[in-house]
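[1] Need a 3D model of the following:
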Amino acid sequence: MDRSVLRAKRAALAVTVIAVVIGSTSSRAQENCSPIRFAKGQTSATIHGTAPPQGSVCYSFASGAGQTANLRVIGNNMVFTITGVVDDQDSWTFRTKAQTYKFFVSQQMRSVTTERYTVTLSIK
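    You can find the predicted model right below:
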């Protein structure tokens with residue numbers, strides 16, 4: 001095969017990969033996230049859900065500066081990503097800023113079935 005044709009095919013493949021990555025990132029950023037709100041006087045909340053085989057489920061929570069947030073997901077093959085904080089974890093504790101955080105719950109290794117999960121968020 002001619003080298004110039006091979007280079008053109010590689011360039012086209014690279015452009016396609018970049019477009020897919022940008023598309024999936026922007027669609028994730030535009031997702032509607034379900035806000036997590038604590039009951040009056042409480043510092044934690046528990047959410048039960050089902051993750052699809054492909055994609056993720058988005059949640060959000062607000063916090064003040066200097067608080068300690070602990071997020072944990074329990075379920076077969078389940079992880080979360082907190083935008084701008086951490087990727088692909090099942091438990092994470094961090095000091096918060098005064099802002100609203102988004103996190104996405106998904107299956108770590110994609111399967112053909114949905115998976116149930118339980119998320120616990122505490123902020124102190």
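[2] Give me the residue ranges of the chain where confidence is low.
    Applying pLDDT under 70 to the chain picks out residues 1-30.
[3] ok, the residue nearest in space to the middle of the chain - contacts?
    Residue closest to the average C-alpha location in the chain (CA atoms, centre = their mean): Phe104, at 2.4 Å. Phe104 makes contact with 28, 31, 56-59, 80-81, 83, according to CB atoms under 8 Å, 6 or more residues apart in numbering. Placement of C-beta: from N, CA and C, glycine included.
[4] Just give the closest residue to it, not the sequence neighbours.
    Nearest residue to Phe104 in three dimensions, chain neighbours excluded: Ser56, at 3.9 Å (CB to CB, 6 or more residues apart in numbering).
[5] I'd assumed Gln108 was in contact with that neighbour.
    No: counting by CB atoms under 8 Å, Ser56 does not reach Gln108; the two are 11.0 Å apart.
[6] coming back round to it: any chance of the contacts of Phe104 in CSV, with secondary structure, distance to Thr50 and neighbour count too?
    Shown next, in CSV, are the contacts of Phe104 (DSSP: H, G, I helix; E, B strand; the rest coil; distance: CB to CB, whole Å; neighbours: other CB atoms under 10 Å):
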residue, secondary structure, distance to Thr50, neighbour count
Arg28, helix, 18, 15
Glu31, coil, 16, 13
Ser56, coil, 12, 17
Val57, strand, 8, 19
Cys58, strand, 14, 19
Tyr59, strand, 13, 22
Phe80, strand, 14, 25
Thr81, strand, 18, 19
Thr83, coil, 21, 15
